[in-house]
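J.: return atomic coordinates for the entry below.
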Amino acid sequence: MSTQDSLSNKEIFDLLLQLLHAERAGAKVCMQSIQEAPSDEYRQILLDIHRDESNSCAGLLNSIKIIGATADHRVGDFAKKCLIISNFNDRLQYLNRGQQWVVRKIEDAITKIHINQVQSQLREMLDVHRDNVTRIDQFLEQRTPD
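T.: Okay, here's the model as predicted:
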């Protein structure tokens, strides 16, 4: 990869911060939704996704530290938009769209990141989000009438 194909540290920071805001929003959605979940199955998937979102936040904070920057405390607007959805299947579908957005953002940038530790963290996050997208899709298919 040539230097001109690499993202600058500022661009990497901007990406990491954008992802962090999204992950915080996803964690907030899961945590609040657990209280309203219609069944133990819904609670379990939300607990699992919350764990993954929290792990992603920790990884992103570490990556931000690696590049010598400091994160803010902002939670993305996605949380408000998702939490106003009262139908639980629709809310999970919207949450899944957020997971897919994260996948696309990482896929678009990962090969342009020149810091191995940051790239490695994002690859792990990408794999987890891909798995969660599949898992939520399968979960919702079992609950949606044909």
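J.: ranges for the helices of the chain?
T.: Using DSSP state H, the helices of the chain run over 9-36, 40-66, 78-83, 88-109, 116-141.
J.: pLDDT of stretch 95-106, averaged?
T.: Here stretch 95-106 scores 98 as its mean pLDDT.
J.: go on, stretch 24-32?
T.: For stretch 24-32, mean pLDDT is 98.
J.: just give me the residue right at the centre of this protein.
T.: For the chain, the residue nearest the mean C-alpha position is E23 (4.3 Å; C-alpha atoms, centre = their mean).
J.: so what's it up against?
T.: Counting by C-beta atoms under 8 Å, 6 or more residues apart in numbering, E23 makes contact with E53, S56, C57, L60, V102. Yep, even glycine has a C-beta here, placed from its N, CA and C like the rest.
J.: ok, and the closest non-adjacent residue to the third one?
T.: Here the nearest residue to C57 in space, its sequence neighbours aside, is E23; by C-beta to C-beta, 6 or more residues apart in numbering that works out to 4.8 Å.
J.: re the thing from before, ok, which pair from the contacts of E23 is furthest apart?
T.: Of all pairs drawn from the contacts of E23, the greatest distance, 11.9 Å, lies between C57 and V102 (C-beta to C-beta).
J.: and these two? Which one has more around it.
T.: The neighbour comparison of C57 against V102 (other C-beta atoms under 10 Å) goes to V102, with 24 against 20.
J.: which residue packs closest to the more buried one, ignoring adjacent ones?
T.: What sits nearest to V102 in space, not counting adjacent residues and going by C-beta to C-beta, 6+ apart, is H129, at 5.0 Å.
J.: would you confirm that that neighbour contacts K105?
T.: No. Taking C-beta atoms under 8 Å as the definition, H129 is not a contact partner of K105, at 9.7 Å.
J.: average pLDDT across stretch 68-79?
T.: 97.
J.: residues in contact with that stretch?
T.: Applying C-beta under 8 Å, 6+ apart, the set of residues contacting stretch 68-79 from outside is 9, 13, 16-17, 20-22, 24-26, 28-29, 60-61, 64, 98.
J.: pick out the most distant pair among the residues you listed.
T.: By the measure C-beta to C-beta, N9 and V29 form the most distant pair in the contacts of stretch 68-79, at 30.2 Å.
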